[in-house]
Structures are given as structure tokens and as C-alpha cells.
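K.L.:
what shape does this take:
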Amino acid sequence: MKKIQMVDLKSQYEKIKSTVDASIQEVLDTNTYINGPLVHQFQKNLEDYLGAKHVIPCANGTDALQIAMMGLDLKPGDEVITADFTFAATVEVIALLQLTPVLVDVDMTNMNIDIEAIKKAITPKTKAIVPVHLFGRAANMDAIMEIAAEHNLYVIEDNAQAIGADYISKSGTKSKVGVIGHVAATSFFPSKNLGCYGDGGAIFTNDDKLAHIIRGIVNHGMYERYHHDVVGVNSRLDSIQAGVLNAKLPLLDEYNAARRLAASKYNAAFAGNAHIITPEFDANENDHVFHQYVLRIVDADRNALMQHLLDKAIPCAIYYPIPLHSQKAYVDTRYKEEQFPVTNQLVKEVIALPMHTELDDEQIKFITDSVLEFLNK
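P.N.:
Next up, the predicted model:
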């Protein structure tokens, strides 16, 4: 059996090696390292794929979130609501901009931001909501957009984990996650569903005025060289990374389908086990693209299971072990433990198993047999 990886980028690369290598060589031959033709080509290709009017590439996903908020001209002290159960980058940029993060609980069934918790958290100072499409599953954007419209709030989609996923609205229409809110941010970190071979990110919006502002922000506030019209940053996607992404983008739907198939096999193996709660999804839809495959382990020792898997050379991880409201950097007297019952439960139960495009049946069987071996003993 091939060695099991949490993410097997080497095997993925071997299948697209000629295309990737040719793109990198083109950059080296033309010396177009920054804002070269491959960056503009990737921008246009991703706009077409998403159905977005504007894609603005940048240096990484955290920058993308920060720049999106800068573009909305939020002011220090403005409150921004986001999920307590997610990676720290989401709340990090809120704090960096001297905005006030408002962390709320998540929904137990999908681990995304809880709609009723959003409603309870809104105050006169609230200016934006940041739903995180966690682990590759879309948040409830119908409800979020309705709340935003009612209270005149911006919606900033954190799409770092769900690029390529479809959102099926209650009216039955489909759109790509990331083009529903006012603006969205994504990451092209190597392990993402659409990942480059370094850091990279992008901002999406259908708002022409906002897109213009953001294009200046990513480039030191310049629209014309040495004319600084807005306060900006230095955050650009380099041409080599754009070349890698151009090679992968045509395969993104295939990659996501492979992840869903692996998730289906995991779910089938674990069906009926009283200690395992598997992620719910419709195998016939593209509403979950499984950036991570995350189980909940109940009435059993999750940490001991993790060690059991590691002892068998099966990589696994806990996303996320500490709620944001408990992190030293974000502790606030406004928060009470009773506000976060779901998050506080999830951090004790979740475990992520290997999930990538190259998983084969032999590996999946070994992983699932090993999980069941521990839980059934």
C-alpha cells in the first residue's frame, strides 16, 4: 500500500507535471514574475469558472480577508460577526483592522455559523457578517443574506475551504460559493482544493466600485505608478503561482468529485457505528467539496483514537482544538461559555481523516478498518 498522506500533493503533481512545468518555464523565460500574463489569464479563467464579475488575486488568503474588509471602509470599533469554530485568520484580520470581532456559536449539523446566534449578536454597531464555509460545505447563505438586507450589513464570505462548491438556494437556483455575498476571500495554500505551490489568495466581488478600490489596495494604493490614492498593502499573486493554478483550475471539478467519492466511501464504512457521526451531504450534489473530512467521535476517547491512528502511520488532525473565544489573543469579557455550547462540544469530538484527490480504495479501507478496530474493541 502506498504511504498514506493527509494531503498527497506529490502524486497530484505527477499527473499534471508537464503542464505545471511548462507554465513555470514560461515565467522564467519571459521574466514576468509579478503581474505577468499568467496572473491576468488566471484571473479571467477564475472569473469565468465562478461566474464572478471581478477576481482580484493577492498574496494569500489572510490578506484576501483583510483587503476585503479594507475595501468596505469599515471603521475602528465597527462590529463584525463571525463563527467561533474556525481557523484564527478569520478573527485575526478583524482585530488587526481595529474592528470589534463578535464570535458566535455554530450549528451542530453542519458546523457552520448558527443563524439564530447571528440574529442575537446584532447591535447598532454591527456592520458585517463573515460566514465561513467550513471544511468545504456552504453556510446558509439564504438566511445570512436576508439578515444582512434587513439590517443593512455587509456579507464577507470566507471561502478559503470551499472553492468550487455550489450553493443551492431555497428557490432551487445554483451559484458558486463566494459570489453570493458582497465580497469573498479565498486561499490557494497548497493543501486547499485549488492550491498553488506557495502562498496565494484572491478576492471575489460583483461590485464594480468595490473591485476598483480593492485593486488599488493590493498594490500599495496605486492605480497609476507612484500615485497613491488609497491606503494600501503589498499583496500580489506571483506569476509562478498563477501558472500552477492555471494548470489546476480546469481539474477543480474533477478534484472535488474525487473528494466527494472518498467521503462517500468513508461514510459507507462508518454507517451504523454508534460512536461515529459522519458529515451529511448529498452525493448527487456539489454542495460539499470536502476540504477536510471531519468525524465527530461520541462516547469514546477521541484523543486515544488519534494516537491509535498515528501509531499505524495514519495521519489525522483536530480542526480545531481550541475555540477562538478561548484563545489568549481573543479572550473578551463579553463572552460567556454558555454562548458556545456547540463549539465547546465540537472541539472535544472532531477528528479529521486524510482527504485528498489521490486516496485509493486500499488506503480508505485501511484507515476505516483502523478507526473501527479502535472503536469496536
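
K.L.:
any idea how far G201 is from L65?
P.N.:
Separation of G201 from L65 (CB to CB, to the nearest Å): 8 Å. Using the backbone N, CA and C atoms, a C-beta is placed for each residue, glycine as well.

K.L.:
neighbour-wise, which of the two wins?
P.N.:
Using other CB atoms under 10 Å as the criterion, G201 and L65 rank with L65 on top: 33 against 28.

K.L.:
who does the helix or strand that contains the more buried one touch, helix- and strand-wise?
P.N.:
Using DSSP states H and E, the element containing L65 is helix 61-71. Taking 3 or more CB pairs under 8 Å, 6 or more residues apart in numbering; DSSP states H and E as contact, the helices and strands that helix 61-71 lies on are strand 54-58, helix 89-96, strand 154-158, strand 183-187, strand 201-205, helix 208-217.

K.L.:
which neighbours do G201 and L65 share?
P.N.:
Common contacts of G201 and L65, defined by CB atoms under 8 Å, 6 or more residues apart in numbering, comprise A185.

K.L.:
now do the strands in this structure.
P.N.:
Here the chain has its strands, by DSSP state E, at 54-58, 79-83, 100-104, 126-130, 154-158, 166-168, 174-176, 183-187, 201-205, 222-224, 227-228, 276-277, 293-297, 350-353.

K.L.:
need those strands in JSON lines with distance to F374 and mean pLDDT, can you?
P.N.:
What follows is the strands of the chain, written out as JSON lines (distance: least, CB to CB, whole Å; pLDDT from 0 to 100):
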{"stretch": "strand 54-58", "distance to F374": "43", "mean pLDDT": "98"}
{"stretch": "strand 79-83", "distance to F374": "30", "mean pLDDT": "98"}
{"stretch": "strand 100-104", "distance to F374": "33", "mean pLDDT": "98"}
{"stretch": "strand 126-130", "distance to F374": "37", "mean pLDDT": "98"}
{"stretch": "strand 154-158", "distance to F374": "33", "mean pLDDT": "98"}
{"stretch": "strand 166-168", "distance to F374": "35", "mean pLDDT": "95"}
{"stretch": "strand 174-176", "distance to F374": "38", "mean pLDDT": "96"}
{"stretch": "strand 183-187", "distance to F374": "33", "mean pLDDT": "98"}
{"stretch": "strand 201-205", "distance to F374": "38", "mean pLDDT": "98"}
{"stretch": "strand 222-224", "distance to F374": "57", "mean pLDDT": "94"}
{"stretch": "strand 227-228", "distance to F374": "59", "mean pLDDT": "95"}
{"stretch": "strand 276-277", "distance to F374": "11", "mean pLDDT": "98"}
{"stretch": "strand 293-297", "distance to F374": "10", "mean pLDDT": "98"}
{"stretch": "strand 350-353", "distance to F374": "11", "mean pLDDT": "98"}
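
K.L.:
need those in TSV (columns: distance to A247).
P.N.:
What follows is the strands of the chain, written out as TSV (distance: least, CB to CB, whole Å):
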stretch	distance to A247
strand 54-58	15
strand 79-83	33
strand 100-104	37
strand 126-130	31
strand 154-158	25
strand 166-168	23
strand 174-176	20
strand 183-187	17
strand 201-205	16
strand 222-224	30
strand 227-228	35
strand 276-277	37
strand 293-297	25
strand 350-353	27
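
K.L.:
minimum distance to V91: which of the ones you listed has it?
P.N.:
strand 100-104 (4.7 Å; CB to CB).

K.L.:
number of nearby residues for A121?
P.N.:
When neighbours are counted by other CB under 10 Å, A121 comes out with 18.

K.L.:
wait, it sits on I81?
P.N.:
Yes: in this structure A121 lies within contact range of I81 using CB atoms under 8 Å: 5.1 Å.

K.L.:
any residues in contact with both of those two?
P.N.:
Contacts common to A121 and I81, judged by CB under 8 Å, 6+ apart, are 102, 104.
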